[in-house]
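Peer 1: below are the sequence and a predicted model; questions follow.
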Amino acid sequence: MGPMEGANTEGNQSSLTRMELYARMNLLGFTIPYSDLPTGSERGLKDSTKMVEVQIILICAYSTIILLGLLGNTLVIHVVIKFKSMRTVTNFFIANLAVADLLVNTLCLPFTLIYTLQGEWKLGPVLCHLVPYAQGLAVQVSVVTLTVIALDRHRCIVYHLDSKISKQISFLIIGVVWAGSAVLASPLAIFREYFSIDISQDVKMVVCAESWQREGKVNYGTIYSVSMLLIQYVLPLVIISYAYIRIWSKLKNHVSPGAGNDHYHQRRQKTTKMLVCVVLVFALCWLPFHIFQLVSDIYSKVLDLAEYKLIYTLFHVIAMCSTFANPILYGWMNTNYRTVFLTAFQCEQRMDSIHPEASPALKTKKNLEAKDKHCNGSSLSQPTNV
């Protein structure tokens, strides 16, 4: 019988000390310090995440997200590397998004699920610092990359700039994005404490908690949380929305002088629609999580909710759905990605070395390479992913 079960009374009700409550509420990203919890020595809490039925649902949900994320994002990276026609600036940015999502799928979600089900941190001090840092880093990389893509498309379409960012510059931008995101996410690893608390004379619980300094009523954890909400969500969405509204207006008012330009214009429209959908999915998936965490940081009485842990976990599951949504959108809304996805699955690239003239994959590559000459050609050349 584990330490959490030792405190159980009847059914799903637990009589919890403040320390035990803090341990159970301490999920990834939770920034309220122990001292801010309700002052009563004990309180009742209905923890539905201890029910077998709920745990089975959570295991299925997280497992599905992890498997779809691994498959879809690995496929995106594979086709961008494998097919020369897909090696465009925008597709490099898309691959960068896929790498960030893979980081969450492999290094964050499995450990988050284990922590949620066990009710305490049993994964050691290294992962205590690394897991929340990796998730914060990946989210920041995704948001900044989406913003870069939106601004690049805005530059190309609104101002008719045919010269693209060079591939070398795109790699430099990606490097800067990761470096900057690493700095912004670093407090999640630095201000974290791995410790144990005494539940009873014989039972201890290991906790992985954020540990922020306080000066009077100033809580630096709350300041950081609000700042990240603005940097990771509000500001990027404002910039991206502005860029795509101008792009949409430009394409809507487009008057094509010839059939060739009209076809090119239609491709731009389809690519832009797909990218807007990627941004919307990202924004909608993360909105409930951001709002709930912000309210929790500012108004600590949210902890009085009987199902706080379950609500937090559900919002976290919704947010994590964004990690596998992009490859689905690419395959559904973009012909070029759909073609290379099918080609990768069918292993048609192997035929190129045997019968290159007759290979459907080679014909597809040639068509894509012709499109890549344009500023926004390439299947998703200039994508984004908020």
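Peer 2: On my side now, so go ahead. Numbering: from 1, shown residues only.
Peer 1: which SSE is Glu193 in?
Peer 2: strand 192-198 (DSSP states H and E).
Peer 1: from the chain's centre, how far out does that strand sit?
Peer 2: 28 Å (Cα atoms, centre = their mean, to the nearest Å).
Peer 1: can you check stretch 217-232 too?
Peer 2: 19 Å.
Peer 1: also stretch 275-287?
Peer 2: 10 Å.
Peer 1: burial check on the closest residue to Val80 other than its chain neighbours, number of neighbours?
Peer 2: Leaving aside its sequence neighbours, Val80 sits nearest to Ala95 (Cβ to Cβ, 6 or more residues apart in numbering; 4.4 Å). The way it works is simple: take the backbone N, C-alpha and C, and place the C-beta from them, glycine included. Ala95: 22 surrounding residues under other Cβ atoms under 10 Å.
Peer 1: would you list the phi and psi of Ala95?
Peer 2: Note on Ala95: backbone dihedrals following degrees, to the nearest 10 are phi -60, psi -40.
Peer 1: what segments of this protein are helices?
Peer 2: Counting by DSSP state H, one finds helices in the chain at the ranges 18-25, 52-82, 89-107, 109-118, 124-158, 167-185, 187-190, 220-229, 235-252, 259-298, 308-320, 322-333, 335-346, 360-371.
Peer 1: pretty sure Thr106 sits against Leu67.
Peer 2: No. Look at Thr106 against Leu67 with Cβ atoms under 8 Å: they stay out of range, at 11.5 Å.
Peer 1: more neighbours: which of these two?
Peer 2: Legend: neighbour count by other Cβ under 10 Å for Thr106 and Leu67, higher for Thr106 (15 against 12).
Peer 1: ok, now how distant is that one from Tyr244?
Peer 2: Distance, Thr106 to Tyr244, by Cβ to Cβ, to the nearest Å: 31 Å.
Peer 1: how about Asp101?
Peer 2: 21 Å.
Peer 1: who has more neighbours, the two?
Peer 2: Taking neighbours as other Cβ under 10 Å, Asp101 and Tyr244 compare with Asp101 leading, 27 against 21.
Peer 1: what distance do you get for the more buried one to Val177?
Peer 2: Applying Cβ to Cβ to Asp101 and Val177 gives a distance of 14 Å.
Peer 1: ditto for Ile157
Peer 2: Applying Cβ to Cβ to Ile157 and Val177 gives a distance of 22 Å.
Peer 1: circling back to that earlier point, hey, least reliable of the helices of the chain by pLDDT?
Peer 2: Comparing mean pLDDT over the helices of the chain, the weakest stretch is helix 18-25, at a mean of 43.
Peer 1: show me what contacts the closest residue to His154 other than its chain neighbours?
Peer 2: Leaving aside its sequence neighbours, His154 sits nearest to Ala243 (Cβ to Cβ, 6+ apart; 4.0 Å). Applying Cβ atoms under 8 Å, 6 or more residues apart in numbering to Ala243 gives the contacts 150-151, 153-154.
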